[in-house]
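Student: quick one: sequence and predicted model below, then my questions.
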Amino acid sequence: QRFLVFATMMGAKPTILVSEKLGDAGLELLKTFANVDCSYNLSLEELCTKISLCDALIVRSGTKVTREVFESSSGRLKVVGRAGVGIDNVDLSAATEHGCLVVNAPTANTIAAAEHGIALLTAMARNIAQADASIKSGKWERSKYIGVSLVGKILAVIGFGKVGSEVARRAKGLGMNVIAHDPYAPADRAHAIGVELVRFEEAISSADFISLHMPLTPATSKMFNDETFSKMKKGVRIVNVARGGVIDEDALVRALDSGIVAQAALDVFTEEPPPRDSKLVQHESVIATPHLGASTTEAQEGVAIEVAEAVLGALKGELAATA
Ligand code: MLT
(Lines give C-alpha, C1' and ligand atoms only; values in the text may rest on other atoms or scores of the structure.)
Protein backbone atom coordinates (compact mmCIF):
# COMPACT_ATOMS: atom_id res chain seq x y z
CA GLN A 1 0.00 0.00 0.00
CA ARG A 2 2.73 2.48 1.02
CA PHE A 3 4.64 1.57 -2.14
CA LEU A 4 1.60 2.35 -4.27
CA VAL A 5 1.06 5.73 -2.60
CA PHE A 6 4.78 6.48 -2.99
CA ALA A 7 4.78 5.41 -6.65
CA THR A 8 1.73 7.61 -7.24
CA MET A 9 3.43 10.59 -5.59
CA MET A 10 6.39 10.01 -7.92
CA GLY A 11 4.07 10.39 -10.91
CA ALA A 12 3.36 6.75 -11.79
CA LYS A 13 -0.41 6.46 -12.18
CA PRO A 14 -2.09 3.26 -10.99
CA THR A 15 -3.98 1.21 -13.55
CA ILE A 16 -7.64 0.34 -13.07
CA LEU A 17 -9.29 -2.36 -15.15
CA VAL A 18 -13.04 -1.85 -15.62
CA SER A 19 -14.42 -5.15 -16.87
CA GLU A 20 -18.11 -4.21 -17.19
CA LYS A 21 -19.88 -1.08 -18.32
CA LEU A 22 -19.62 1.75 -15.79
CA GLY A 23 -21.38 5.16 -15.90
CA ASP A 24 -19.43 8.05 -17.44
CA ALA A 25 -19.29 10.16 -14.27
CA GLY A 26 -17.51 7.30 -12.46
CA LEU A 27 -15.07 6.76 -15.31
CA GLU A 28 -14.23 10.47 -15.42
CA LEU A 29 -13.55 10.42 -11.68
CA LEU A 30 -11.26 7.39 -12.01
CA LYS A 31 -9.33 9.08 -14.83
CA THR A 32 -8.41 12.00 -12.58
CA PHE A 33 -6.09 9.67 -10.68
CA ALA A 34 -5.46 6.55 -12.73
CA ASN A 35 -5.05 4.99 -16.14
CA VAL A 36 -8.36 3.33 -16.91
CA ASP A 37 -8.61 0.26 -19.13
CA CYS A 38 -12.23 -0.53 -20.07
CA SER A 39 -12.20 -4.08 -21.44
CA TYR A 40 -15.56 -5.85 -21.46
CA ASN A 41 -16.55 -9.50 -22.02
CA LEU A 42 -13.12 -10.85 -21.09
CA SER A 43 -12.71 -14.61 -20.82
CA LEU A 44 -11.25 -15.85 -17.51
CA GLU A 45 -7.95 -16.39 -19.30
CA GLU A 46 -7.92 -12.83 -20.68
CA LEU A 47 -8.84 -11.41 -17.28
CA CYS A 48 -6.03 -13.37 -15.61
CA THR A 49 -3.53 -12.09 -18.16
CA LYS A 50 -4.58 -8.45 -17.81
CA ILE A 51 -4.86 -8.48 -14.03
CA SER A 52 -1.11 -8.78 -13.46
CA LEU A 53 -0.81 -5.23 -14.89
CA CYS A 54 -3.56 -3.70 -12.75
CA ASP A 55 -3.77 -2.13 -9.30
CA ALA A 56 -7.56 -2.19 -9.18
CA LEU A 57 -10.43 -4.01 -10.86
CA ILE A 58 -14.02 -2.78 -11.11
CA VAL A 59 -16.81 -5.27 -11.88
CA ARG A 60 -20.61 -5.59 -11.82
CA SER A 61 -22.18 -9.03 -11.32
CA GLY A 62 -21.08 -10.54 -14.65
CA THR A 63 -17.38 -10.92 -13.82
CA LYS A 64 -16.48 -13.79 -11.51
CA VAL A 65 -13.46 -12.69 -9.47
CA THR A 66 -12.19 -16.14 -8.56
CA ARG A 67 -9.11 -17.29 -6.65
CA GLU A 68 -7.39 -17.78 -10.01
CA VAL A 69 -7.75 -14.05 -10.72
CA PHE A 70 -6.09 -13.11 -7.41
CA GLU A 71 -3.32 -15.67 -7.96
CA SER A 72 -2.67 -14.26 -11.44
CA SER A 73 -2.31 -10.72 -10.09
CA SER A 74 1.06 -11.60 -8.51
CA GLY A 75 0.28 -9.33 -5.57
CA ARG A 76 -0.21 -6.15 -7.63
CA LEU A 77 -4.03 -6.05 -7.35
CA LYS A 78 -4.83 -3.87 -4.32
CA VAL A 79 -8.58 -3.37 -4.59
CA VAL A 80 -11.62 -4.91 -6.24
CA GLY A 81 -14.59 -2.55 -6.57
CA ARG A 82 -18.04 -4.04 -7.02
CA ALA A 83 -20.33 -1.59 -8.84
CA GLY A 84 -23.39 -2.69 -6.89
CA VAL A 85 -24.22 -4.17 -3.51
CA GLY A 86 -23.76 -7.95 -3.66
CA ILE A 87 -20.17 -9.17 -3.48
CA ASP A 88 -21.02 -12.85 -3.96
CA ASN A 89 -19.17 -12.88 -7.30
CA VAL A 90 -15.88 -12.09 -5.53
CA ASP A 91 -13.91 -14.80 -3.68
CA LEU A 92 -13.49 -12.93 -0.40
CA SER A 93 -11.17 -15.48 1.24
CA ALA A 94 -8.83 -15.35 -1.75
CA ALA A 95 -8.95 -11.53 -1.69
CA THR A 96 -7.98 -11.48 2.00
CA GLU A 97 -5.19 -14.02 1.49
CA HIS A 98 -3.78 -11.85 -1.31
CA GLY A 99 -4.01 -8.63 0.72
CA CYS A 100 -6.64 -7.17 -1.60
CA LEU A 101 -9.47 -4.93 -0.39
CA VAL A 102 -13.00 -5.48 -1.69
CA VAL A 103 -15.28 -2.43 -1.75
CA ASN A 104 -18.81 -2.00 -3.07
CA ALA A 105 -21.42 0.66 -3.82
CA PRO A 106 -23.88 -0.01 -0.99
CA THR A 107 -26.52 2.67 -1.43
CA ALA A 108 -26.86 4.09 -4.94
CA ASN A 109 -29.06 1.38 -6.42
CA THR A 110 -31.35 0.76 -3.43
CA ILE A 111 -34.35 2.61 -4.86
CA ALA A 112 -33.89 1.13 -8.35
CA ALA A 113 -33.91 -2.40 -6.93
CA ALA A 114 -36.96 -1.66 -4.75
CA GLU A 115 -38.83 -0.12 -7.68
CA HIS A 116 -38.04 -3.14 -9.84
CA GLY A 117 -39.36 -5.43 -7.10
CA ILE A 118 -42.62 -3.48 -7.02
CA ALA A 119 -42.77 -3.44 -10.84
CA LEU A 120 -42.46 -7.24 -10.88
CA LEU A 121 -45.01 -7.62 -8.07
CA THR A 122 -47.68 -5.61 -9.87
CA ALA A 123 -46.85 -6.98 -13.33
CA MET A 124 -47.09 -10.54 -11.99
CA ALA A 125 -50.40 -9.93 -10.20
CA ARG A 126 -51.99 -8.51 -13.38
CA ASN A 127 -50.31 -10.82 -15.95
CA ILE A 128 -48.86 -7.80 -17.77
CA ALA A 129 -46.05 -9.67 -19.55
CA GLN A 130 -48.24 -12.56 -20.71
CA ALA A 131 -51.07 -10.24 -21.81
CA ASP A 132 -48.62 -8.04 -23.71
CA ALA A 133 -47.19 -11.06 -25.57
CA SER A 134 -50.74 -12.23 -26.30
CA ILE A 135 -52.00 -8.93 -27.77
CA LYS A 136 -48.83 -8.55 -29.82
CA SER A 137 -49.53 -11.97 -31.34
CA GLY A 138 -52.90 -10.68 -32.52
CA LYS A 139 -55.08 -12.14 -29.74
CA TRP A 140 -57.61 -10.40 -27.47
CA GLU A 141 -57.80 -12.65 -24.39
CA ARG A 142 -59.60 -10.69 -21.69
CA SER A 143 -60.93 -13.58 -19.60
CA LYS A 144 -57.62 -15.49 -19.68
CA TYR A 145 -55.78 -12.71 -17.89
CA ILE A 146 -57.89 -12.01 -14.84
CA GLY A 147 -55.40 -11.03 -12.15
CA VAL A 148 -55.36 -10.80 -8.38
CA SER A 149 -55.59 -7.66 -6.26
CA LEU A 150 -52.82 -6.52 -3.95
CA VAL A 151 -54.86 -4.47 -1.51
CA GLY A 152 -55.40 -6.21 1.84
CA LYS A 153 -53.03 -9.08 0.94
CA ILE A 154 -50.13 -10.14 3.15
CA LEU A 155 -46.68 -9.45 1.73
CA ALA A 156 -43.76 -11.12 3.51
CA VAL A 157 -40.49 -9.32 2.91
CA ILE A 158 -37.59 -11.70 3.54
CA GLY A 159 -34.45 -9.67 4.20
CA PHE A 160 -35.33 -6.30 5.74
CA GLY A 161 -32.24 -4.30 4.81
CA LYS A 162 -32.13 -1.22 2.60
CA VAL A 163 -33.98 -2.67 -0.41
CA GLY A 164 -36.39 -4.78 1.65
CA SER A 165 -37.49 -1.79 3.73
CA GLU A 166 -38.04 0.37 0.63
CA VAL A 167 -40.15 -2.40 -0.92
CA ALA A 168 -42.14 -2.63 2.31
CA ARG A 169 -42.74 1.13 2.37
CA ARG A 170 -44.02 1.07 -1.22
CA ALA A 171 -46.16 -2.03 -0.69
CA LYS A 172 -47.85 -0.36 2.27
CA GLY A 173 -48.69 2.50 -0.08
CA LEU A 174 -50.48 -0.07 -2.25
CA GLY A 175 -52.59 -1.11 0.72
CA MET A 176 -50.79 -4.38 1.47
CA ASN A 177 -50.29 -5.76 4.98
CA VAL A 178 -46.54 -6.12 5.26
CA ILE A 179 -44.66 -8.48 7.55
CA ALA A 180 -40.92 -9.14 7.40
CA HIS A 181 -38.32 -11.61 8.47
CA ASP A 182 -34.69 -10.66 9.04
CA PRO A 183 -32.63 -11.96 11.97
CA TYR A 184 -30.50 -8.80 11.91
CA ALA A 185 -33.12 -6.06 11.45
CA PRO A 186 -33.94 -3.85 14.45
CA ALA A 187 -37.63 -4.04 15.43
CA ASP A 188 -37.90 -0.25 15.88
CA ARG A 189 -36.93 0.35 12.22
CA ALA A 190 -39.65 -2.07 11.14
CA HIS A 191 -42.21 -0.50 13.49
CA ALA A 192 -41.35 2.97 12.19
CA ILE A 193 -42.73 1.99 8.80
CA GLY A 194 -45.56 -0.11 10.16
CA VAL A 195 -44.05 -3.52 9.51
CA GLU A 196 -44.07 -6.42 11.95
CA LEU A 197 -40.94 -8.57 12.18
CA VAL A 198 -41.86 -12.24 12.47
CA ARG A 199 -40.16 -15.66 12.50
CA PHE A 200 -39.25 -17.18 9.13
CA GLU A 201 -41.88 -19.97 9.36
CA GLU A 202 -44.60 -17.49 10.26
CA ALA A 203 -43.61 -15.20 7.39
CA ILE A 204 -43.66 -17.87 4.70
CA SER A 205 -46.75 -19.70 5.96
CA SER A 206 -49.00 -16.66 6.25
CA ALA A 207 -47.98 -14.72 3.13
CA ASP A 208 -49.97 -14.25 -0.06
CA PHE A 209 -46.90 -12.68 -1.66
CA ILE A 210 -43.23 -13.14 -0.73
CA SER A 211 -40.50 -10.75 -1.82
CA LEU A 212 -36.84 -11.76 -1.41
CA HIS A 213 -34.14 -9.24 -0.46
CA MET A 214 -31.37 -11.08 1.35
CA PRO A 215 -27.73 -11.48 0.25
CA LEU A 216 -26.50 -14.83 -1.07
CA THR A 217 -24.43 -16.41 1.71
CA PRO A 218 -23.89 -20.03 2.79
CA ALA A 219 -26.80 -19.51 5.23
CA THR A 220 -29.23 -18.27 2.56
CA SER A 221 -28.18 -20.54 -0.31
CA LYS A 222 -31.25 -22.55 -1.47
CA MET A 223 -33.15 -21.26 1.56
CA PHE A 224 -36.28 -21.71 -0.57
CA ASN A 225 -36.46 -25.43 -1.27
CA ASP A 226 -39.00 -28.28 -1.32
CA GLU A 227 -39.35 -28.11 2.46
CA THR A 228 -39.93 -24.35 2.63
CA PHE A 229 -42.32 -24.39 -0.35
CA SER A 230 -44.35 -27.14 1.38
CA LYS A 231 -44.94 -24.77 4.35
CA MET A 232 -46.35 -21.97 2.20
CA LYS A 233 -49.98 -21.03 1.66
CA LYS A 234 -51.25 -22.67 -1.54
CA GLY A 235 -51.28 -20.12 -4.34
CA VAL A 236 -48.51 -17.91 -2.92
CA ARG A 237 -46.73 -15.57 -5.35
CA ILE A 238 -42.97 -14.95 -5.17
CA VAL A 239 -40.76 -12.07 -6.32
CA ASN A 240 -36.97 -12.39 -6.38
CA VAL A 241 -34.74 -9.40 -7.09
CA ALA A 242 -32.04 -10.61 -4.64
CA ARG A 243 -29.96 -13.53 -5.91
CA GLY A 244 -31.03 -16.62 -7.87
CA GLY A 245 -29.04 -18.87 -5.56
CA VAL A 246 -31.36 -18.27 -2.59
CA ILE A 247 -33.94 -20.43 -4.40
CA ASP A 248 -33.56 -24.10 -5.31
CA GLU A 249 -34.79 -23.54 -8.86
CA ASP A 250 -35.78 -27.17 -9.52
CA ALA A 251 -37.87 -27.09 -6.34
CA LEU A 252 -39.54 -23.88 -7.52
CA VAL A 253 -40.51 -25.52 -10.82
CA ARG A 254 -42.04 -28.40 -8.81
CA ALA A 255 -43.90 -25.92 -6.55
CA LEU A 256 -45.23 -24.06 -9.62
CA ASP A 257 -46.34 -27.33 -11.27
CA SER A 258 -48.14 -28.47 -8.11
CA GLY A 259 -49.83 -25.09 -7.65
CA ILE A 260 -48.27 -24.34 -4.24
CA VAL A 261 -46.69 -21.35 -5.92
CA ALA A 262 -49.18 -19.70 -8.28
CA GLN A 263 -46.72 -17.33 -9.92
CA ALA A 264 -43.11 -16.19 -9.68
CA ALA A 265 -41.45 -13.00 -10.91
CA LEU A 266 -37.70 -13.39 -11.19
CA ASP A 267 -34.91 -10.94 -11.96
CA VAL A 268 -32.03 -13.17 -10.85
CA PHE A 269 -30.97 -16.74 -11.53
CA THR A 270 -28.53 -19.30 -10.18
CA GLU A 271 -26.76 -19.23 -13.53
CA GLU A 272 -26.74 -15.89 -15.38
CA PRO A 273 -27.72 -15.87 -18.12
CA PRO A 274 -29.89 -18.94 -17.46
CA PRO A 275 -29.84 -21.77 -20.03
CA ARG A 276 -32.08 -21.05 -23.05
CA ASP A 277 -34.21 -24.11 -22.27
CA SER A 278 -34.55 -23.28 -18.53
CA LYS A 279 -37.84 -24.85 -17.35
CA LEU A 280 -38.15 -22.04 -14.84
CA VAL A 281 -37.80 -19.14 -17.27
CA GLN A 282 -40.05 -20.87 -19.82
CA HIS A 283 -42.76 -21.69 -17.25
CA GLU A 284 -46.09 -20.07 -18.14
CA SER A 285 -46.55 -18.85 -14.56
CA VAL A 286 -43.18 -17.12 -14.45
CA ILE A 287 -42.26 -13.66 -15.62
CA ALA A 288 -38.56 -12.91 -15.89
CA THR A 289 -36.16 -10.03 -16.45
CA PRO A 290 -32.39 -10.26 -17.04
CA HIS A 291 -31.01 -8.92 -13.70
CA LEU A 292 -32.33 -5.40 -14.26
CA GLY A 293 -32.84 -4.46 -10.60
CA ALA A 294 -30.13 -1.81 -10.59
CA SER A 295 -30.54 -0.84 -14.21
CA THR A 296 -31.89 2.68 -14.20
CA THR A 297 -30.01 5.64 -15.60
CA GLU A 298 -30.01 7.29 -12.18
CA ALA A 299 -28.81 4.22 -10.27
CA GLN A 300 -26.05 3.42 -12.73
CA GLU A 301 -24.63 6.95 -12.56
CA GLY A 302 -24.86 6.88 -8.76
CA VAL A 303 -23.26 3.44 -8.49
CA ALA A 304 -20.44 4.46 -10.85
CA ILE A 305 -19.57 7.47 -8.70
CA GLU A 306 -19.96 5.53 -5.43
CA VAL A 307 -17.69 2.68 -6.51
CA ALA A 308 -15.16 5.04 -8.13
CA GLU A 309 -14.88 7.02 -4.86
CA ALA A 310 -14.46 3.80 -2.86
CA VAL A 311 -11.79 2.41 -5.18
CA LEU A 312 -9.85 5.68 -5.32
CA GLY A 313 -10.13 5.97 -1.54
CA ALA A 314 -8.65 2.50 -1.17
CA LEU A 315 -5.88 3.18 -3.69
CA LYS A 316 -4.96 6.41 -1.97
CA GLY A 317 -4.63 4.51 1.27
CA GLU A 318 -7.58 6.17 3.00
CA LEU A 319 -9.08 2.86 4.03
CA ALA A 320 -5.74 1.53 5.26
CA ALA A 321 -5.22 4.68 7.31
CA THR A 322 -8.64 4.48 8.94
CA ALA A 323 -8.66 0.69 9.43
C1 MLT B 1 -26.39 -5.48 -6.83
O2 MLT B 1 -25.85 -6.39 -6.20
O3 MLT B 1 -26.17 -4.29 -6.55
C4 MLT B 1 -27.32 -5.78 -7.94
O5 MLT B 1 -27.51 -7.12 -8.15
C6 MLT B 1 -27.04 -5.00 -9.16
C7 MLT B 1 -26.04 -5.47 -10.13
O8 MLT B 1 -25.45 -6.53 -10.01
O9 MLT B 1 -25.79 -4.77 -11.08
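Tutor: Ah, there it is.

Student: so where do the strands sit in this protein?
Tutor: 15-18, 35-38, 56-59, 79-82, 101-104, 154-158, 177-181, 196-197, 209-212, 236-240, 261-266, 286-288 (DSSP state E).

Student: center of this protein, which residue is that?
Tutor: By C-alpha atoms, centre = their mean, the chain has its centre lying nearest to residue 242, at 4.7 Å.

Student: re earlier: save the strands of the chain as a markdown table, and put in mean neighbour count and distance to residue 296 too.
Tutor: C-betas here are computed from N, CA, C, even on glycine. Shown next, in a markdown table, are these (neighbours: other C-beta atoms under 10 Å; distance: least, C-beta to C-beta, whole Å):
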| stretch | mean neighbour count | distance to residue 296 |
| --- | --- | --- |
| strand 15-18 | 23 | 20 |
| strand 35-38 | 16 | 21 |
| strand 56-59 | 27 | 19 |
| strand 79-82 | 28 | 18 |
| strand 101-104 | 20 | 18 |
| strand 154-158 | 25 | 21 |
| strand 177-181 | 23 | 23 |
| strand 196-197 | 16 | 29 |
| strand 209-212 | 26 | 19 |
| strand 236-240 | 25 | 18 |
| strand 261-266 | 24 | 18 |
| strand 286-288 | 21 | 18 |
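
Student: let me have those strands in TSV, extended by distance to the ligand.
Tutor: As requested, the strands of the chain are exported to TSV (distance: least, C-beta to the nearest ligand atom, whole Å):
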stretch	distance to the ligand
strand 15-18	14
strand 35-38	17
strand 56-59	9
strand 79-82	7
strand 101-104	8
strand 154-158	16
strand 177-181	20
strand 196-197	23
strand 209-212	12
strand 236-240	11
strand 261-266	13
strand 286-288	15
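
Student: dump these into JSON lines; add mean pLDDT as well.
Tutor: Below are the strands of the chain laid out as JSON lines (pLDDT from 0 to 100):
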{"stretch": "strand 15-18", "mean pLDDT": "98"}
{"stretch": "strand 35-38", "mean pLDDT": "98"}
{"stretch": "strand 56-59", "mean pLDDT": "98"}
{"stretch": "strand 79-82", "mean pLDDT": "98"}
{"stretch": "strand 101-104", "mean pLDDT": "97"}
{"stretch": "strand 154-158", "mean pLDDT": "98"}
{"stretch": "strand 177-181", "mean pLDDT": "98"}
{"stretch": "strand 196-197", "mean pLDDT": "97"}
{"stretch": "strand 209-212", "mean pLDDT": "99"}
{"stretch": "strand 236-240", "mean pLDDT": "99"}
{"stretch": "strand 261-266", "mean pLDDT": "98"}
{"stretch": "strand 286-288", "mean pLDDT": "98"}
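
Student: reformat the ones you listed as JSON lines; add distance to residue 229.
Tutor: Formatted as JSON lines, the strands of the chain follow (distance: least, C-beta to C-beta, whole Å):
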{"stretch": "strand 15-18", "distance to residue 229": "40"}
{"stretch": "strand 35-38", "distance to residue 229": "43"}
{"stretch": "strand 56-59", "distance to residue 229": "33"}
{"stretch": "strand 79-82", "distance to residue 229": "31"}
{"stretch": "strand 101-104", "distance to residue 229": "31"}
{"stretch": "strand 154-158", "distance to residue 229": "13"}
{"stretch": "strand 177-181", "distance to residue 229": "16"}
{"stretch": "strand 196-197", "distance to residue 229": "22"}
{"stretch": "strand 209-212", "distance to residue 229": "10"}
{"stretch": "strand 236-240", "distance to residue 229": "9"}
{"stretch": "strand 261-266", "distance to residue 229": "7"}
{"stretch": "strand 286-288", "distance to residue 229": "14"}
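
Student: now the residue nearest to the centre of the chain: how far from residue 264?
Tutor: 13 Å (C-beta to C-beta, to the nearest Å).

Student: can you check residue 316 too?
Tutor: Going from residue 316 to residue 264 by C-beta to C-beta gives 45 Å.

Student: now do residue 99
Tutor: Taken as C-beta to C-beta, the span from residue 99 to residue 264 is 42 Å.

Student: try residue 139
Tutor: Taken as C-beta to C-beta, the span from residue 139 to residue 264 is 23 Å.

Student: one more: residue 48?
Tutor: 37 Å.

Student: how about the residues of the stretch 201-323 of the chain near the ligand?
Tutor: 293, 294 (C-beta under 6 Å from any ligand atom).

Student: whatever residue of the stretch 51-200 of the chain ends up closest to the ligand: neighbour count?
Tutor: Nearest to the ligand, among the residues of the stretch 51-200 of the chain, is residue 84, at 2.7 Å (C-beta to the nearest ligand atom). Counted with other C-beta atoms under 10 Å, residues neighbouring residue 84 total 25.
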